[in-house]
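> task: produce atomic coordinates for the following.
(one chain, ligands or ions: 1)
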Amino acid sequence: MKRIWQAALIRLTFGFVFCLFLGMIFGYTFTLLFLYTLGLLVWQFYELYRFHQWIRRSGRSLPPDSTGVWGDVFDTVSRLQKKQKKSKKRMQQALARIEESTSALSDGVIMADNTGRLEWWNKSAGDLLGLVKPVDRSQPLTNIVRTPEFFRYFSQKRFGESLVIQSPAKEGTYLEFQTTLYAKNDHLIFVRDVTRLHLLEQMRKDFVANASHELKTPLTVIKGYLETLDMFKDSLPERMQKGVHNMSTQSNRMELLIEDLLLLSRLESNQRADSDQWHNVSDLIQVICDSAKVFKNSGHFLSWDADEESTIYGSYSELYSAFSNLVVNALKYSPDGGEIDISWQVNHEGGVFCVQDNGLGIDPRFIPRLTERFFRVDKGRGSDTAGTGLGLSIVKHVLHHHDSKLDINSQLGFGSTFSCHFPRSRVKHPKLPTHETQEIQRNAS
Ligand code: ADP
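Got it, this is the predicted structure:
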C-alpha cells in the first residue's frame with residue numbers, strides 16, 4: 001500500500017519535472033504545467049466517475065480495470081464487498097435457523113419495543129394471539145390483548161410473576177404471559193397455552209370451595225350438640241368432660257380452617273366480598289387492634305401509630321382480614337408480655353403497613369415458604385397456637401388484589417417484621433398528589 005503511494009508520488013513528480021523541463025526549453029512553462037495539471041484532474045475525475053457508476057450498481061459487476069491508487073481502491077472495495085456479502089449470507093442463514101427453530105417451539109415468543117409495540121413474533125405466538133403479519137407489526141400489544149388484567153400487568157410492568165388470562169383469539173383457551181425486559185427496556189414475552197393446567201387448577205379450587213362449604217353444615221350440627229353437652233358438663237363423668245372439651249377445641253379449630261379455606265377460595269377466584277373504596281387507615285387499625293386484644297391478651301404491649309388523615313383504596317373486608325392476620329400472628333408467635341408495634345407510613349412510593357414483634361422469629365430458610373397454603377414453621381406448635389397455616393396465604397392474595405406486596409424480615413429468637421407495601425395509586429394523603437388514584441379507579445372499573 002505504501003509502495004503504491006510512493007510510485008504515484010514518483011510518477012506525479014516525474015511528470016511535473018518533465019513538463020517544467022520541456023517548458024523551459026521551449027518557453028511555455030506555465031502552459032505545459034497547466035495542461036499537465038488539467039490532464040491529471042480530468043483523469044482523476046474520470047476514475048471517480050467510473051467508481052461512482054460501479055458503486056451505484058451496488059458493485060454487482062466486476063470492478064473497473066485500473067492501475068495505481070485507483071486500481072487499489074477498486075480492489076479493496078471489491079474485496080470488502082465480497083466479505084460483507086459472505087457475512088450477510090452467514091447472518092441470513094443463522095436468522096433462518098433461528099426462525100425455523102422458534103417456529104418449531106410450541107410456546108409463543110414475542111419481541112416488542114420499550115413502548116410495547118410489536119416487532120417480531122414466532123408462529124405459535126401468531127396462532128395463540130391471532131397475530132397477522134405485517135398488519136399487526138408496530139401495533140401496541142395492549143391493542144391486541146384487550147383485557148383490563150393484561151393492561152394493568154403490562155402498563156404497570158408487573159413482570160415479577162406471570163399472568164394467566166383467556167385468549168383473545170380462541171374462546172375457552174387460557175394463556176400464560178411471562179415478560180422479561182432486555183436491552184433498552186424492550187419486551188421479550190413468552191406466551192403459553194395453559195388451558196389444561198388452568199382447568200385442573202379450577203377443578204382443585206372448586207373442589208376445595210365445595211368441600212369446605214359442605215363441611216360447614218355437619219360441623220354446625222356437631223358444634224350445637226357439643227355446646228349442649230358443655231352446658232351439662234358437671235353431670236358428666238370426668239373422663240367424658242375432658243373428651244367434650246377436646247372435641248369443642250378441635251371443632252372450633254375446624255371451623256376456623258373452613259372459614260379460612262372459604263375465604264381463600266373466594267380470593268383465588270377473584271370473588272370480591274365488597275367493592276374497592278376509600279377507607280381511613282387509622283380507623284381500620286383501631287378496629288383490628290381492639291379485636292386482636294380480645295383474641296389474645298396475655299400481657300402483650302400493643303402499640304400503633306397511623307396518620308389520621310391517610311386513606312387507602314381497597315376492599316374493607318379483605319384489608320381487614322390481611323391486617324388482622326398479621327397482628328394476630330404477632331400475638332400468637334410472641335411470648336406473654338411481648339411488644340408489638342403496628343404502623344402505617346406514607347411516603348412518595350405509597351403506603352406501608354407494618355407489624356413488628358419481638359417474638360419467636362423465623363428461620364431465614366423458611367421465609368420464602370411462609371405464604372404457601374398450610375405451611376407452618378413448627379407443626380408441633382399447632383395445638384397451642386390454634387393456627388390453620390392459611391393466614392399468610394390469605395395476606396398474599398389480598399395484597400395481590402391491591403397491587404401490593406408483602407415483605408418479611410425476621411431473625412430467629414429476636415422477632416419479625418411483616419410489611420405490606422401499597423402503591424401510591426391506592427393511597428391518599430394531603431401530602432401526596434392524587435393524579436394516579438383516578439387511573440387505578442378507571443382500571444378497576
Ligand atoms: P398460622 O395459622 O399457622 O399462623 P400463617 O399462614 O399465618 O399460619 O403463618 C404461617 C407460619 O408462619 C406460622 O405457622 C408461623 O410458624 C410463622 N409465622 C407467621 N407469623 C409469625 C410471626 N409473627 N412470628 C413468628 N412466626 C410467624
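
> only C-alpha atoms for contact and neighbour calcs from this point on.
Fine.

> helix, strand, or coil at residue 344?
Following DSSP: H, G, I helix; E, B strand; the rest coil, residue 344 is assigned to strand.

> my read: it touches residue 356, true?
No. The pair residue 344 / residue 356 is not scored as a contact, 11.6 Å apart, by CA atoms under 8 Å.

> just give me the neighbour total for residue 424.
Using other CA atoms under 10 Å, residue 424 is surrounded by 22 other residues.

> give the bridge partners for the nearest residue to it once chain neighbours are set aside, please.
Once flanking residues are discounted, residue 424 sits nearest to residue 350: 3.7 Å by CA to CA, 6 or more residues apart in numbering. Beta-bridge pairing of residue 350 under DSSP bridges involves residue 347, residue 423.

> any figure for the gap between residue 350 and the ligand?
Distance of residue 350 to the ligand, computed by CA to the nearest ligand atom, to the nearest Å: 23 Å.

> wait, that residue touches residue 420, no?
No. Judged on CA under 8 Å, residue 350 makes no contact with residue 420 at a distance of 10.5 Å.

> which one of these two has more residues nearby?
Neighbours were counted for residue 350 and for residue 420 using other CA under 10 Å; residue 420 has more, 22 against 19.

> quick one: that one is in a strand?
Yes. Counting by three-state DSSP, residue 420 is found in a strand.

> in terms of pLDDT, where does it sit?
Per-residue confidence for residue 420 comes out at a pLDDT of 97.

> I'd like to know how far it sits from residue 292.
The gap separating residue 420 from residue 292 is 18 Å, by CA to CA, to the nearest Å.

> now swap in residue 175 and tell me
42 Å.

> more neighbours: those two, which one.
With neighbours defined as other CA under 10 Å, residue 175 and residue 292 compare such that residue 175 has more, 23 against 19.

> secondary structure class for the more buried one?
Under three-state DSSP, residue 175 comes out as strand.

> just residue 377 next, same as before
Once three-state DSSP is applied, residue 377 turns out coil.

> residue nearest the centroid of the protein?
Centroid-nearest residue in the chain, with CA atoms, centre = their mean: residue 159, separated by 0.9 Å.

> that one looks like it's in a helix, true?
No. Counting by three-state DSSP, residue 159 falls outside a helix, being coil.

> going along the chain, name the strands of the stretch 301-445 of the chain.
According to DSSP state E, counting those that start in this stretch, the stretch 301-445 of the chain carries its strands in the segments 301-306, 311-314, 339-347, 350-357, 405-411, 415-423, 427-428.

> what average pLDDT does the fourth one get?
Same thing as strand 350-357. Rounded mean pLDDT across strand 350-357 is 95.

> the inter-axis angle of it versus strand 415-423?
170 degrees (axes from the mean of the first three to the mean of the last three CA atoms, to 10 degrees).

> do the same with the third one
Using the same axes, to 10 degrees, the interaxial angle of strand 339-347 with respect to strand 415-423 works out to 20 degrees.

> touching the ligand at all, strand 339-347?
No. Figure legend: strand 339-347 not in contact with the ligand (CA under 6 Å from any ligand atom); closest approach 9.4 Å.

> quick one: list the elements packing against that strand.
Strand 339-347 makes packing contacts with strand 301-306, helix 316-332, strand 350-357 when contacts are defined by 3 or more CA pairs under 8 Å, 6 or more residues apart in numbering; DSSP states H and E.

> out of the ones you listed, the one nearest residue 253 is which?
The closest of the helices and strands packed on strand 339-347 to residue 253 is helix 316-332. By CA to CA, the value is 14.6 Å.

> the residue nearest to the centre of the chain and residue 318, how far apart?
In this structure, residue 159 and residue 318 are 24 Å apart, going by CA to CA.

> what does the residue in the stretch 51-200 of the chain positioned nearest to the ligand show for phi and psi?
Going by CA to the nearest ligand atom, the ligand is nearest to residue 161 of the stretch 51-200 of the chain, at 20.8 Å. Main-chain dihedrals, residue 161, degrees, to the nearest 10: phi -130, psi 170.

> can I see the domain layout of this structure?
Annotated domains of the chain cover 2-100, 105-193, 197-268, 277-444 [automatic domain parsing].

> what about the first one, start to end distance?
Across domain 2-100, the straight-line distance between its terminal residues is 48 Å, by CA to CA.

> ditto for the second one
The first residue of domain 105-193 is 12 Å away from its last residue (CA to CA).

> near the ligand, which residues of the protein show up?
By the rule CA under 6 Å from any ligand atom, the part of the chain lying against the ligand is 329-330, 333, 360-362, 370, 375-378, 387-393, 416.

> for ChimeraX, write the selection for the buried entries among those residues.
Those of the residues of the chain next to the ligand that count as buried under 16 or more other CA atoms under 10 Å are selected in ChimeraX with:
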select :329,330,333,360,361,362,370,375,376,387,388,389,390,391,392,393,416
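
> picking that back up, got the helices and strands packed on strand 339-347 as JSON lines, with distance to residue 101 columns?
Output for the helices and strands packed on strand 339-347, formatted as JSON lines (distance: least, CA to CA, whole Å):
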{"stretch": "strand 301-306", "distance to residue 101": "57"}
{"stretch": "helix 316-332", "distance to residue 101": "47"}
{"stretch": "strand 350-357", "distance to residue 101": "45"}
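
> with that, I have no additional questions.
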